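In: Based on what follows, work out the 3D shape:
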Amino acid sequence: MSAAHMSAHEREEAETHEQRALGFWLYLMGDAVIFALLFATYAIMIPGTAGGPGGKQLFDLNNAALETVLLLVSSTTFGIASLQVKAGNRGAVMGWLGVTFLLGAGFVFLEIREFVGLIAQGAGPDRSGFLSAFFTLVGTHGVHVSMGLLWILILSAQVMTKGLTLPVASRLYRLGLFWHFLDIAWVGIFSIVYLPGLL
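Out: Got it, this is the predicted structure:
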């Protein structure tokens, strides 16, 4: 619909969407700075094992690869949900959000399992500067994914009760930005933490 044919209320809602989208982009830039600092700290702390195990002894590439697949596929399924929002297909949006949630939950499960396993081996965050940096970087990403899962549940309830109104679609758009950002951050973690850690 062109701006000329929009009602005053529709124009106001569209402007609100644009303002919130800009604000969310600013938030993501701040989040990117946080992750950049965590990556830099991790890189500096790689040699700081305090005589303990390093990545080569601790990391499981198969587990990290499976986490990567789950998150990449979840980004794809969220993209399909976004296309269904534009098509106005509420049922399909709900279905694809559900698939995205399950894939994200699988990712968080694998990450928690990895952390529990490392701590059980005596390789917790208190063991060395290296492990402290590792747990902080990867754990921060895991907390973000967990918050994304909660956000998916909340927006799924809104889609179910309110439909695909402009405010709901606007929130789904911002959630999509967040989810895809987490995907990019994880590719960085996989490339900088896990792959070099096993060489």
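
In: same question for the lengthiest helix in the chain, mean pLDDT?
Out: Identified as the longest helix of the chain according to DSSP state H is helix 8-45. Average pLDDT, helix 8-45: 85.

In: what helices or strands is whichever helix or strand comes after that helix leaning on?
Out: The helix or strand immediately downstream of helix 8-45 is helix 55-58, counting by DSSP states H and E. Judged by 3 or more CB pairs under 8 Å, 6 or more residues apart in numbering; DSSP states H and E, helix 55-58 is in contact with helix 195-197. No exception for glycine: its C-beta is placed from N, CA and C like everyone else's.

In: at 7 Å instead, please
Out: Contact partners of helix 55-58 among helices and strands, from 3 or more CB pairs under 7 Å, 6 or more residues apart in numbering; DSSP states H and E: none.

In: From the chain's centre, how far out is the longest helix of the chain? Work that out for me.
Out: Offset of helix 8-45 from its chain centre (CA atoms, centre = their mean, to the nearest Å): 13 Å.

In: before we move on, what about stretch 80-100?
Out: Relative to its chain's centre, stretch 80-100 lies at 18 Å (CA atoms, centre = their mean).

In: Give me the distance between the two termini of it.
Out: 10 Å (CA to CA, to the nearest Å).

In: Give me the mean pLDDT for that stretch.
Out: Averaged across stretch 80-100, pLDDT comes to 97.

In: Please verify my assumption that Thr136 contacts Leu38.
Out: Yes - counting by CB atoms under 7 Å, Thr136 touches Leu38, with 6.2 Å between them.

In: returning to what we had before: and the longest helix of the chain, what does it pack onto?
Out: helix 129-162, helix 166-189.

In: can you give me the angle it makes with helix 166-189?
Out: 10 degrees (axes from the mean of the first three to the mean of the last three CA atoms, to 10 degrees).

In: now do the same end-to-end measure for stretch 158-170.
Out: End-to-end distance for stretch 158-170: 12 Å, by CA to CA.

In: returning to that earlier point: which of Thr136 and Leu38 has more neighbours?
Out: Shown here are Thr136 and Leu38; by other CB atoms under 10 Å, Leu38 has more neighbours (19 against 15).

In: how much space is there between that one and Gly163?
Out: 39 Å (CB to CB, to the nearest Å).

In: Tell me the buried residues in stretch 188-199?
Out: Neighbour-count burial for stretch 188-199 flags 189-190, 193-194, 197 (criterion: 16 or more other CB atoms under 10 Å).

In: Save the residues you listed as CSV, and put in distance to Phe130 and pLDDT too.
Out: Shown next, in CSV, are the buried residues of stretch 188-199 (distance: CB to CB, whole Å; pLDDT from 0 to 100):
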residue, distance to Phe130, pLDDT
Ile189, 15, 97
Phe190, 18, 96
Val193, 11, 95
Tyr194, 14, 94
Gly197, 10, 65
